[in-house]
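Peer 1: give the three-dimensional model of this entry:
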Amino acid sequence: MTNDSTSTRAPGMVKSTPGFVSRIRTYFLTGLVVAGPVAVTLWLVWWFVTWVDGLVRPLFPMAYRPETYLPVQIPGLGLIIAFVALTLLGFLTANLIGRRLVAFGESILSHMPVVRPIYRTAKQIFQTLFSKSESSFRRVALIEFPSPGMWSLVFLTQSPTEEIAGRLPATEHVSAFMPCTPNPTTGFFFYVPKREVIELDITVEQAMTVIMSAGIVQPGSEPHTQTQLAALAHTARVAQAAPKETEKPEPTAAK
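Peer 2: Next comes the predicted model:
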């Protein structure tokens with residue numbers, strides 16, 4: 001009887017016990033899911049901090065740099081200086097004297113043939129991106145592009161001016177910017193009839209994630225990440241507990 005019960009129980013145990021390679025793969029994937037996003041985020045933050053430091057530090061003489069008196073270089077000092085300088089500039093521009101100085105500087109730039117269009121374009125872009133009006137990229141939509149049956153994500157801004165609208169067909173148009181994958185800083189800009197636009201109920205950040213990931217990450221799929229991570233962790237715990245169950249001695253019958 002003992003041999004029969006052992007023979008019927010052993011195949012089930014072997015089937016439910018993951019192998020060593022399977023357990024290592026599960027542990028590795030679990031660690032990758034946890035550490036991967038953290039590593040990418042830290043790398044991007046470090047790159048941005050060092051990039052700002054490289055721009056700001058050369059503006060200060062060596063006598064005023066902390067590394068002149070300290071044995072190590074302090075990262076992020078340039079970012080702090082840039083933040084303080086921009087905040088101070090905004091504070092000074094908000095008062096009467098600051099506005100007059102800005103107007104005087106803009107009047108000088110407006111009389112420079114080459115600098116004038118560059119400055120005006122850059123100013124309008126920054127005002128559009130950082131304003132809270134409808135002219136910034138705050139609406140996401142779908143348009144049928146580049147051919148019938150193919151749809152692309154676009155960001156809608158504002159309607160064209162009267163000069164441009166007068167040259168377009170007699171229907172309401174909107175301005176659309178279609179970023180490219182995986183670099184959303186480049187793309188196509190065009191005017192499209194409003195009736196051909198399908199607006200979406202997603203944020204600009206979600207649309208950017210879809211574009212930069214080439215559709216790998218879709219809107220609404222973020223909550224599943226924690227579920228997948230929990231499933232991997234559960235599989236790892238099961239794989240770790242399985243050898244202990246096989247090594248557990250069988251109870252001996254009382255004499």
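
Peer 1: just to confirm, which helix or strand has residue 21 in it?
Peer 2: Under the criterion of DSSP states H and E, residue 21 resides in helix 20-56.

Peer 1: just give me how far the very next helix or strand once past that helix sits from the chain centre.
Peer 2: Past helix 20-56, further along toward the C-terminus, the next helix or strand under DSSP H and E is helix 77-94. Put simply, helix 77-94 sits 25 Å off its chain's centre (C-alpha atoms, centre = their mean, to the nearest Å).

Peer 1: pull the residues that contact helix 77-94.
Peer 2: 48-49, 52-57, 60, 66, 98-99, 101-102 (C-beta atoms under 8 Å, 6 or more residues apart in numbering). Backbone N, C-alpha and C define where each C-beta goes, glycine included.

Peer 1: quick check: the two most widely separated of these?
Peer 2: 66 and 99 (34.7 Å; C-beta to C-beta).

Peer 1: ok so, going back, which of the contacts of helix 77-94 count as buried?
Peer 2: 49, 52-53, 56 (16 or more other C-beta atoms under 10 Å).

Peer 1: residues of stretch 168-186 that come out buried?
Peer 2: 173-176, 178-179, 184.

Peer 1: one more: stretch 74-81?
Peer 2: Neighbour counts over stretch 74-81 (16+ other C-beta under 10 Å) mark 77-79, 81 as buried.

Peer 1: in terms of helices and strands, where is residue 154?
Peer 2: Under the criterion DSSP H and E, the helix or strand holding residue 154 is strand 151-156.

Peer 1: one step back: roughly how far is the helix holding residue 21 from the heart of the chain?
Peer 2: A distance of 14 Å separates the C-alpha centroid of helix 20-56 from that of its chain, computed with C-alpha atoms, centre = their mean.

Peer 1: what's that helix packed up against?
Peer 2: The criterion is 3 or more C-beta pairs under 8 Å, 6 or more residues apart in numbering; DSSP states H and E, and the helices and strands that helix 20-56 contacts are helix 77-94, helix 223-247.
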